[in-house]
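Asks: please work out how this folds:
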Amino acid sequence: AVIFGFPWREAHIYKRHNDYIMETVHKYPDRFIGLCCFETSGEHIAAETERCLAGGLSGVGELASYQSGFDELSLQRLAPVMEICAQKKHPVMIHTNEPVGHQYPGKTSNTLAQIYHLIKRFADNKIILAHWGGGIFFFNLMKKDVKDTMRNVYFDTAASPYLYDPEGYQIAIRLIGVEKILFGSDYPLLSPARYFDEMRDADLTNAQINRICGENAKELLNL
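Replies: Residues are numbered from 1 along each chain as shown. Predicted coordinates:
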């Protein structure tokens, strides 16, 4: 399993949480892969990224910008982190959500335009957009620019049973390809079993389920 903490803003809290993830990965190296996490407005986040990658973690995320969404200031703060991960070929996971529909705890002010600007600015990074990227993969149908801009973008399924109908899997596979979809559980909010039931309800093949539930992540993380 890939595990990570919560995007705390205060350095003494996010460091403590990242230390716990590193301890867990070192204790169970055959079971867990860890990412380092913090809020994008936090202080010293580039130094924390260097510390955690040197300490055995395999990327960064799930990063969030709860106050303003990913505005220009957030992207400026994030730039050193993205540069480090691009150089080391580690993925960065970004918290996104759909800009329409019902409100719920954790839903941010992100817009699809903000998400797209982030992807375009850091197009050489391996980026994972949590929660289906808020639906931005629909624009992969556009004839210009978008396909190339999103060439290194992956989408995870976290909270899918809470937000979307099961047929969303088939639509996503048609638009972005099964190789760009990663199983995200959002545990402990939802149990993994709910996702597996929905994948079967969506008539995914065993080969497609295997790719989503591990093979794609194995390739992305160079395991």
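
Asks: contacts and neighbour counts: CA atoms only from here.
Replies: OK.

Asks: which strand or helix spans the residue minimising distance to the centre of the chain?
Replies: Central residue of the chain (Cα atoms, centre = their mean): M93, 3.1 Å from the mean position. Counting by DSSP states H and E, the element that carries M93 is strand 92-94.

Asks: doesn't S109 make contact with S68?
Replies: Yes - between S68 and S109 there is a contact at 6.4 Å, judged by Cα atoms under 8 Å.

Asks: higher neighbour count, those two?
Replies: Taking neighbours as other Cα atoms under 10 Å, S68 and S109 compare with S109 leading, 18 against 14.

Asks: please name the residues that touch that one.
Replies: 66-69, 99 (Cα atoms under 8 Å, 6 or more residues apart in numbering).

Asks: how far away from the center of its chain is the helix or strand hosting C85?
Replies: With secondary structure defined by DSSP H and E, C85 is part of helix 72-88. Put simply, helix 72-88 sits 15 Å off its chain's centre (Cα atoms, centre = their mean, to the nearest Å).

Asks: quick one, helices of the protein?
Replies: 11-27, 45-54, 72-88, 112-121, 146-149, 160-163, 168-176, 192-201, 206-210, 216-220 (DSSP state H).

Asks: want to throw these into TSV with mean neighbour count?
Replies: Listed next are the helices of the chain as TSV, based on neighbours: other Cα atoms under 10 Å:
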stretch	mean neighbour count
helix 11-27	18
helix 45-54	18
helix 72-88	17
helix 112-121	18
helix 146-149	16
helix 160-163	16
helix 168-176	16
helix 192-201	15
helix 206-210	14
helix 216-220	16
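
Asks: tabulate those helices (TSV), appending mean pLDDT.
Replies: TSV is the format used below for the helices of the chain (pLDDT from 0 to 100):
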stretch	mean pLDDT
helix 11-27	97
helix 45-54	98
helix 72-88	95
helix 112-121	95
helix 146-149	94
helix 160-163	93
helix 168-176	97
helix 192-201	95
helix 206-210	98
helix 216-220	97
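
Asks: adding distance to F38, write the ones you listed out as a markdown table.
Replies: Formatted as a markdown table, the helices of the chain follow (distance: least, Cα to Cα, whole Å):
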| stretch | distance to F38 |
| --- | --- |
| helix 11-27 | 6 |
| helix 45-54 | 7 |
| helix 72-88 | 11 |
| helix 112-121 | 17 |
| helix 146-149 | 25 |
| helix 160-163 | 23 |
| helix 168-176 | 29 |
| helix 192-201 | 25 |
| helix 206-210 | 30 |
| helix 216-220 | 22 |
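
Asks: of all those, which one is nearest N140?
Replies: Proximity to N140, assessed across the helices of the chain by Cα to Cα, is greatest for helix 146-149 (5.4 Å).

Asks: OK, contacts around the residue of the chain most remote from its centre?
Replies: Residue farthest from the centre of the chain, counting by Cα atoms, centre = their mean, is K143 at 25.3 Å. Shown in contact with K143 (Cα under 8 Å, 6+ apart): no residues.

Asks: check G168 too.
Replies: A202.

Asks: do the same with N206
Replies: No contacts exist for N206 under Cα under 8 Å, 6+ apart.

Asks: and it, how far from F183?
Replies: Going from N206 to F183 by Cα to Cα, to the nearest Å gives 14 Å.

Asks: try E198
Replies: E198 is 12 Å from F183, by Cα to Cα.

Asks: just to revisit the earlier point, contacts made by the strand holding M93 with the rest, please.
Replies: Residues from elsewhere that reach strand 92-94 (Cα under 8 Å, 6+ apart): 59-64, 82, 85, 125-130.
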